[in-house]
Structures are given as C-alpha cells and as structure tokens.
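Asker: Got a sequence here, can you build the structure:
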Amino acid sequence: MTTLIYLLIAYLLGSIPTGLWIGHSIYGKNLREFGSGNTGTTNTFRILGKKAGTVTLLVDLLKGTLATLLPIWFGGSWLSPIIIGFLAVLGHTFPVFAHFKGGKAVATSAGVILGFAPSFFLYLLVIFLTTLYLTSMISYASISVAICALVGIIIFPALGIILPSYDLVFSVVIGLMATVILLRHQDNMKRIKNKKENLVPFGLNLTKQAPKK
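Answerer: Here you go, the predicted model:
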C-alpha cells in the first residue's frame with residue numbers, strides 16, 4: 001500500500017503543469033496558444049519571460065527530485081526510488097491536470113536523476129550547459145543529454161567512475177527517460193535538420209540555425 005501511495009504522489013506531482021498554471025493565473029496567457037504550444041520550461045521562458053521560466057524550471061526539476069526522495073526519506077517501499085521518480089516523469093508528460101498533454105520531460109527527468117544519482121546529474125548538467133552554449137539551442141542540448149545518458153550508463157560502470165557499478169533498474173529507467181525525451185523532441189530534430197530551430201539569445205550557434213522571425 002505504501003508503494004502505491006508513493007507512485008500516486010509521484011504521478012500527481014509530475015502532473016502539476018507549472019508553466020500552464022503560471023501563464024493562466026499571473027499573465028492571463030494560455031501557453032498552448034503561443035510559441036511551440038508546449039507547456040514546459042522552454043516555451044515558458046520564450047513566452048512569459050525569465051522569471052516565469054526560472055520558476056517553471058525549478059518547480060519541474062523539484063517535482064522529479066521530491067518524488068524520488070520520498071521513499072528514501074520515509075521508507076516502506078519495495079520499489080527502487082528511481083522507479084517511483086519515473087512516475088513523476090510520466091505525470092509531467094501526460095498530466096492528469098492538463099488533459100494529459102504535458103511537456104517534454106527534460107527538467108523532471110533531471111530532477112529524478114538529481115535525487116537518485118547526483119554525480120550522474122552533474123555530468124549531464126555539464127553536457128547540457130556546454131552544448132547549449134555551443135549550439136544556442138535548448139532542444140539540441142536536451143537531445144544531447146539524453147544520448148549522453150545512454151552512453152554514460154554503459155561506459156561509467158566499466159571505468160568505475162561516476163557510476164561505480166552496473167544497476168539494471170537504474171539503467172532501464174534512464175533508458176526509458178531518454179526515450180521519452182527523444183520522442184518528444186522529434187519536431188525539434190526536424191527543425192534542426194532544416195536549420196530552422198529556435199535559438200536562445202546567447203551562445204555560438206555552431207550549426208547555423210536561422211529560425212523564422
């Protein structure tokens with residue numbers, strides 16, 4: 001019963017549509033009607049600004065972290081905390097509070113990893129920030145992180161760094177989260193290929209994207 005409660009709480013935490021609610025309650029805007037139509041961090045930054053985007057990023061990150069830490073803090077679960085955390089990712093992607101139309105799961109997935117494997121989170125954060133600066137694209141950085149996460153769970157245990165040993169459950173959940181992220185970024189991949197992806201206002205834009213104004 002305790003495990004089921006954790007799973008339910010994790011899903012409901014993930015289902016909180018942070019950007020959507022901030023847009024409605026504070027700015028009087030429905031994020032689905034602007035920009036990419038996505039309710040996640042990137043579109044919130046683009047449409048509502050830095051403050052709203054930062055709050056959305058932090059809340060979406062903490063949703064995953066809290067869901068993962070609850071069974072660690074209070075015990076009583078026969079499931080690995082990272083599995084429970086993954087329910088927050090599913091909630092973020094298919095939120096019950098937003099007609100099951102959610103974000104792309106990057107921030108919440110990062111929060112799960114932060115709660116379960118902080119050193120692996122730091123490795124992915126470095127990849128994300130470096131790629132973001134080089135490409136000026138949040139989407140490219142997110143895709144790169146998903147791929148590097150898959151590479152990391154294979155290489156690091158063999159080298160004995162960051163991840164000291166192979167963990168089947170951890171590897172499977174990382175694989176699932178990476179798959180969700182990659183699937184949710186298919187449209188971005190097409191725009192990147194066509195040199196039309198949206199950019200952040202800094203970085204080197206090495207791939208020479210030229211989005212429509």
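
Asker: Phi and psi next, for the residue lying closest to residue 166 once chain neighbours are set aside.
Answerer: Closest residue to residue 166 apart from its sequence neighbours, by C-beta to C-beta, 6 or more residues apart in numbering: residue 157 at 4.5 Å. Placement of C-beta: from N, CA and C, glycine included. When quoted as degrees, to the nearest 10, the phi and psi of residue 157 stand at phi -60, psi -30.

Asker: Looking at residue 157 now. What's its pLDDT?
Answerer: At residue 157 the predicted local distance difference test score is 96.

Asker: same deal with residue 213?
Answerer: Residue 213 carries a pLDDT score of 67 in this model.

Asker: buried set for stretch 21-33?
Answerer: For stretch 21-33, burial by neighbour count (16 or more other C-beta atoms under 10 Å) applies to 21, 22, 23, 31, 32.

Asker: okay, and the helix or strand of the protein with the least pLDDT?
Answerer: Among the secondary structure pieces of the chain, namely its helices and strands, helix 41-48 has the lowest mean (mean pLDDT, DSSP states H and E), a mean of 90.

Asker: farthest pair in the buried residues of stretch 21-33?
Answerer: 22 and 32 (13.3 Å; C-beta to C-beta).

Asker: And the closest residue in space to residue 212 that isn't next to it in sequence, how close does it get to residue 135?
Answerer: Leaving aside its sequence neighbours, residue 212 sits nearest to residue 196 (C-beta to C-beta, 6+ apart; 6.7 Å). Here residue 196 is placed at a distance of 14 Å from residue 135 (C-beta to C-beta, to the nearest Å).
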